[in-house]
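Visitor: sequence first, predicted model second:
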Amino acid sequence: MAIRVDRINKMEPRAAKGANSIELISGSSAAPRNSRLALSGFAAACVLVSIVAAQQPAQRPLAAAALVNAPAPSSSLAQNQGSTPGPAAPQDGQLYLTLQQAIAMAIKNNLDIEIERVDQTIADRSVSLAKGGGLPRPINYTVAETPAGEAPVAVPLLSFSSPGLSPLSVDPITSAVSSSYDTSRVLEASHSLALSTAPFSSGSPVPGFDAQLLGRYGWLRRDPAVSQLTATAATQTDTATTDNTLGDTFLTKGFSPGATIQLGVNDFVQSFYSERSSAVPFSHPNAYALIAQPLWRGAGHANNTRYIAIARTNRKISAAVLQQQMISTVAGVENLYIDLVSLQDSVKVQQQALSAAQLLLHNDQEQMKVGRLPPIEVARAQSLVTSTQLLLTQAISLRDQQQVILRTLLDPQSLASAQGATPEIVATDPLLPPEAEPSAQLSKLIDDAWKNRPDVQQARLQITNGERQVASAVNATKPEIDLYGTYESRGVVIPGLTAIGGDSLTGNAPTDPVPTGGNSSSTVYEAGIQFSLPVENRVAEANLGADKALLRQQQLRVTQLKAQVAAEVQNAIIALHAAKTAADAATTARELQARLLGAAQESFQAGYATNLAVIEQQTYLAQAQTTEIVAKAAWLKAAAQLDRVLGQTLEMNGISLQADQREVGSPQH
């Protein structure tokens, strides 16, 4: 795999709009002005929070600055990084990862991808299996999706009625505290790319292409004594007891046109009927040759090599399934990484909000001590601190769970390591806007998706295999008419039909019983036509009808898939536009909320408002900041989803698959 790290890292952070310096003033003076200054300090801190949040996406994360002089990463996560720069792991026990580093780790360590790589070996072996006349192994069509993961909860923009966010009273918050752990966000879903689960019929048998050498050797004593059953005495010319070495060796092989040959030599006549004993086999050998060539059922190179063609196509299908699994994993890592960044930012927002709320509580308590504020104002500030602490705790738990979920894709085996706790993952890429949207026309994007998506490619290959199976079922409905010929140097006429076809499980060609000869054995030549004509042929006709119906189902599913691809591309483009608009609106809402907070602070300083208005606006500012984070994350994930439906996830992330380019010629049988 070649991995190019150039997607997020190549975008420089945008320059900050300006420097901001705010001095926070708190005091314990008894003058009325100090009360207003206390709330002024809290409001200033809130403004600072809004400014910091506004600049957060444009600044390089503090964690990223630590990458410069950081020591080597932990070996449990950063193994096998290839050409991609490894993640830095400072001594603080944290593992700092860019998105491209996380994707590189998933490509190397993800078990779902490794399982599909193993399937490539099975598909390769199936080609050799089919070349020998056996049935190719079934391939794995299952693609594992990544867990949903955790994410911050978005709330309405500039909402003034969200439960649990507006401390309008000293009562406990009204929102229910639900568990942030949900197994559905940790467990992986999966789906199959197979167009149908029902198998096709086996069709006409194929020859056993692998040559088989068979034989037996042993000691044979012949005693022509009086038969106890008939009480008939032996003739005078057949009274000698003989001891001979019995020998029989023959070779069988099938060929792609359908022909089967059997060549051999034995000493049956010598061992059974000679009056002399001999330890040397083949002193009077019987050499024989048998050949049979189907003329109708079982005839034809394409029919008899169909399993080889199917196995080669299965190898391409397996490679497409691997590519689809890599797309699913990479897209999942992108989504989980973006959600981890948003959760980290959400924790920062709640920490800043908590600091501002604690500063307000401290100042209100100081003012209450000197009698300048009533206790109800302190209770309101305490309510704000309590609710903010709860939101911070929930945000931290979601962030920590998201790290574990992301680790299941990046290095799942480290979770079962007995070396102790794994380092905390810190995502260092900021939530910057995605790259420019595709400029091509919608019809062009749909056509490109139809050509490039591996799930579509493997579906078309399944149709090709289905057509081969139906052609074989048609051949199986035909009568069996074969040309055959035999030769024996010392033998008799062979009774019955000469066998054709082969064993699909072992690849062995059939063998014919060669008669042992007789007293009047002699050189035998035989040639002719053998046939097997079914009178009703209901089994073969039923199999053909079912196979045609199954192929029709697969073709309809491909037609359905084409419509699905078009719908997915259109929906992804619509979602990307909507996500961009929502992100812009969320940024504007956060900026307006910061102004509202400033206005509330000015009103309080002028004596026209109480600290309740400032507390309320600070709560809404934290809400607007969280919503902006979620909206930007949704914008990035919408761009990643568009890449996935267009089939260009790997290309956009600098990942190239070096396909097996070996040219395998047609079998020479």
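Guide: Sure, I can see it.
Visitor: tell me the contacts of Leu445?
Guide: With contact set as CB atoms under 8 Å, 6 or more residues apart in numbering, Leu445 has these partners: Pro438, Val569, Ile573, Leu646. Any C-beta I mention is one placed from the backbone N, CA and C, and that applies to glycine too.
Visitor: which among those residues gets closest to Thr588?
Guide: Ile573 (23.1 Å; CB to CB).
Visitor: let me know the helix or strand that the closest one is in.
Guide: In this assignment (DSSP states H and E), Ile573 forms part of helix 538-606.
Visitor: picking up where we left off before, if we only consider the contacts of Leu445, which is nearest to Ser126?
Guide: Leu646 (31.4 Å).
Visitor: in contact with the nearest residue to that closest one once chain neighbours are set aside, which residues?
Guide: Excluding its sequence neighbours, the residue lying closest to Leu646 (CB to CB, 6 or more residues apart in numbering) is Ala449, at 5.0 Å. Contacts for Ala449 (CB under 8 Å, 6+ apart) come out as Val456, Val565, Glu568, Val569, Val645, Leu646, Gly647.
Visitor: any idea how far Val269 is from Ala287?
Guide: 11 Å (CB to CB, to the nearest Å).
Visitor: could you do Asp345 as well?
Guide: 94 Å.
Visitor: same check on Ala289?
Guide: In terms of CB to CB, Ala289 sits 17 Å off from Val269.
Visitor: just Glu424 next, same as before
Guide: Look at Glu424 and Val269: by CB to CB, they are 86 Å apart.
Visitor: then Phe604?
Guide: 121 Å.
Visitor: quick one: which helix or strand includes Ile291?
Guide: strand 286-294.
Visitor: in the sheet, which strands lie alongside that strand, parallel or antiparallel?
Guide: Strand pairing for strand 286-294, using DSSP bridges, gives strand 260-266 (antiparallel), strand 480-491 (antiparallel).
Visitor: still on that earlier bit, compare Ala287 and Val269 and say which is more crowded by neighbours.
Guide: Between Ala287 and Val269, Val269 has the larger neighbour count (other CB atoms under 10 Å), namely 22 against 16.
Visitor: so Ala527 sits in a strand?
Guide: Yes - counting by DSSP: H, G, I helix; E, B strand; the rest coil, Ala527 is part of a strand.
Visitor: residues near the closest residue to Leu392 other than its chain neighbours, how many?
Guide: Leaving aside its chain neighbours, Leu392 sits nearest to Gln350 (3.9 Å; criterion: CB to CB, 6+ apart). The number of residues packed near Gln350 is 23, by other CB under 10 Å.
Visitor: got a list of what Gln389 touches?
Guide: Applying CB under 8 Å, 6+ apart, the residues near Gln389 are Leu354.
Visitor: secondary structure element for it?
Guide: Gln389 is part of helix 375-410 when elements are defined by DSSP H and E.
Visitor: Ala609 should be in a strand, yeah?
Guide: No - going by three-state DSSP, the assignment for Ala609 is coil, not a strand.
Visitor: how much space separates it from Glu616?
Guide: With distances taken as CB to CB, Ala609 is found 10 Å from Glu616.
Visitor: so between those two, which is more surrounded?
Guide: Shown here are Ala609 and Glu616; by other CB under 10 Å, Glu616 has more neighbours (21 against 18).
Visitor: what's the following helix or strand after the one helix or strand that one maps to?
Guide: Counting by DSSP H and E, the element that carries Glu616 is helix 611-645. Moving toward the C-terminus from helix 611-645, the next helix or strand (DSSP H and E) is helix 649-652.
Visitor: the helix or strand just after that following helix - contacts with which helices or strands?
Guide: Going down the chain from helix 649-652, the next helix or strand is strand 655-656, by DSSP H and E. In terms of contacts (3 or more CB pairs under 8 Å, 6 or more residues apart in numbering; DSSP states H and E), strand 655-656 is packed against strand 2-3.
Visitor: so for the strand it packs on, what's the average pLDDT?
Guide: Averaging pLDDT along strand 2-3 gives 39.
Visitor: rewinding a little: so who does the residue nearest to Leu392 touch?
Guide: Thr388, Leu391, Leu392, Ala395, Ala622.
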